[in-house]
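[1] Below: sequence and its predicted model.
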Amino acid sequence: MKVTIYHNPACGTSRNTLALIRNAGVEPQAIEYLQTPPDRETLHRMIQDAGLTVRGALREKGTPYAELGLADGGLSDEALLDAMMAHPILINRPFVMTPEGVRLCRPSEVVLDILPLPQKGPFTKEDGALLIDAEGRRVG
């Protein structure tokens, strides 16, 4: 099964998402999107396939969002995509693509909605929250 994650290893949510994919027995194609960002067409398609707006895929925290004036509601999707292409840190993460769909996995457990394979064992998020029990079942 082909799974692709647009990953930032410095992001806890992205690390948790990657670990959940691996806990299902899948080794995904992990693309560190800050070094290898998706092309414009791929990014736009991922956003659409995830059911988001372009604005909904923008990351504000720790980015030049404010400095670039991206809060301006009058900016077009094209202008927002231009900014994301020029500054990949503006792309929210992690985006995951599987045969079951595309999701922006925030929180990380959203990935479970598009992983057709079950979890193979317990999983605890980096913050200590138990997400998957010893039988591979989602907790909570």
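    Perfect, thanks for sending it.

[2] Grab the longest helix from this protein for me.
    Longest among the helix segments of the chain by residue count, using DSSP state H, is helix 12-23.

[3] Show residues contacting the strand or helix carrying L81.
    If you go by DSSP states H and E, L81 is part of helix 77-86. If you take Cβ atoms under 8 Å, 6 or more residues apart in numbering as the criterion, helix 77-86 is touched by 37, 40, 43-44, 53-55, 57-58, 68, 70, 90-91. All C-beta spots, glycine's among them, are computed from the backbone N, C-alpha and C.

[4] What about the nearest residue to P116 once chain neighbours are set aside, how many residues nearby?
    Nearest residue to P116, sequence neighbours excluded (Cβ to Cβ, 6 or more residues apart in numbering): E100, at 5.4 Å. A count of nearby residues for E100, using other Cβ atoms under 10 Å, gives 14.

[5] In this structure E100 contacts L117, no?
    No: here E100 does not reach L117: they are 10.0 Å apart, not a contact under Cβ atoms under 8 Å.

[6] Between those two, which contacts overlap?
    With Cβ under 8 Å, 6+ apart as the test, E100 and L117 reach no residue in common.

[7] residue ranges for the strands of the protein, please.
    In the chain, the strands defined using DSSP state E lie at 4-7, 29-32, 95-98, 101-104, 123-124, 130-132.

[8] backbone phi and psi for the most centrally placed residue in the chain, please?
    Closest residue to the average C-alpha location of the chain: P94 at 1.8 Å, with Cα atoms, centre = their mean. Dihedral pair for P94: phi -90, psi 140, per degrees, to the nearest 10.

[9] Tell me who's in contact with it.
    Contacts here follow Cβ under 8 Å, 6+ apart; on that basis P94 touches 5-8, 11, 13-14, 17-18, 104-106, 108.

[10] ranking those residues by neighbours, who comes first?
    That'd be T17 among the contacts of P94, by other Cβ under 10 Å, with 29 neighbours.

[11] Looks like that one contacts V96 (just checking).
    Yes: counting by Cβ under 8 Å, T17 touches V96, with 6.4 Å between them.
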